[in-house]
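> Need coordinates for the below:
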Amino acid sequence: MKKIVATTGPSLAAAALIVGPSLGADFACPDLSQLATPPAVAGLDARLPKGFALEQSDKLAAAITLLREHGLSPGNTTDHLIAFFCPAVAAEAGLSDAEKRVRVMRFAQKVTRLVNAQNDVEEIIYDIPLKPGIAEAATERARLAGLTLEVWIARMVEAAIR
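Numbers count the residues shown, from 1 in each chain. Predicted coordinates for the structure are as follows:
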């Protein structure tokens with residue numbers, strides 16, 4: 001049985017922290033201390049690459065493997081990698097907040113694809129660009145339903161084709 005998962009970019013927590021309540025908000029990085037970090041993973045921070053080093057394919061792949069081997073979920077792995085990458089972008093003085101958001105979101109999309117590619121479950125992943133207002137509305141409806149955005153979108157697609 002194939003499981004269809006639709007993604008719109010980074011995990012829900014990372015997207016909310018990067019974008020803020022609205023696209024007009026100041027640029028801010030996810031706070032690593034606010035992420036669900038199992039005790040076994042807390043000590044790994046020092047061994048993982050940070051900042052722009054994560055743009056190197058070999059270092060990114062090694063970081064994904066290490067986090068996943070220590071039990072982080074795909075979403076939590078993505079959140080952690082974004083939290084490790086984002087401060088380097090935030091420190092780029094020559095970029096506007098909008099440019100910083102775009103750079104981190106592109107990284108987040110790449111990480112999301114790579115992390116999800118390592119899942120054991122056979123999945124078809126759709127990368128669907130949504131306008132900010134639609135994405136915010138979908139996120140809110142998922143939250144109200146008590147679901148992750150990915151699960152909510154998957155259920156909406158399944159219901160639409162029945």
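> Residue 128: neighbour count?
14 (other C-beta atoms under 10 Å). The way it works is simple: take the backbone N, C-alpha and C, and place the C-beta from them, glycine included.
> sorry, that was for residue 104
Counted with other C-beta under 10 Å, the neighbours of residue 104 add up to 25.
> what pLDDT does it get?
At residue 104, the model reports a pLDDT of 93.
> Residue 78 too?
On pLDDT, residue 78 comes in at 91.
> Now do the SS call for it.
Recorded secondary structure, residue 78: helix (DSSP: H, G, I helix; E, B strand; the rest coil).
> thought it was touching residue 111?
Yes. Using C-beta atoms under 8 Å, residue 78 makes contact with residue 111 at a distance of 5.2 Å.
> of these two, who's got more company?
More crowded of residue 78 and residue 111, by other C-beta under 10 Å: residue 78, with 29 against 26.
> how many neighbours does residue 33 have?
Neighbours of residue 33 under the rule other C-beta under 10 Å: 7.
> now do residue 76
Applying other C-beta under 10 Å, we find 21 residues neighbouring residue 76.
> and what of residue 59?
15.
> swap in residue 84?
Neighbours around residue 84, by other C-beta under 10 Å: 21.
> How about residue 107?
So residue 107, with other C-beta under 10 Å, has 22 neighbours.
> residue contacts, the closest residue to it other than its chain neighbours?
Once flanking residues are discounted, residue 107 sits nearest to residue 85: 5.4 Å by C-beta to C-beta, 6 or more residues apart in numbering. Residues in contact with residue 85 (C-beta atoms under 8 Å, 6 or more residues apart in numbering) are 50-52, 54-55, 104, 107.
> cool, residue 62 as well?
residue 49.
> Max pairwise distance over the contacts of residue 85: which two?
50 and 104 (13.8 Å; C-beta to C-beta).
> name the helices or strands packed onto the top helix by length along the chain?
Of all the segments of type helix in the chain, defined by DSSP state H, the longest one is helix 97-117. Helix 97-117 is packed against strand 3-7, helix 12-19, helix 57-69, helix 74-90, strand 123-127, with contacts defined by 3 or more C-beta pairs under 8 Å, 6 or more residues apart in numbering; DSSP states H and E.
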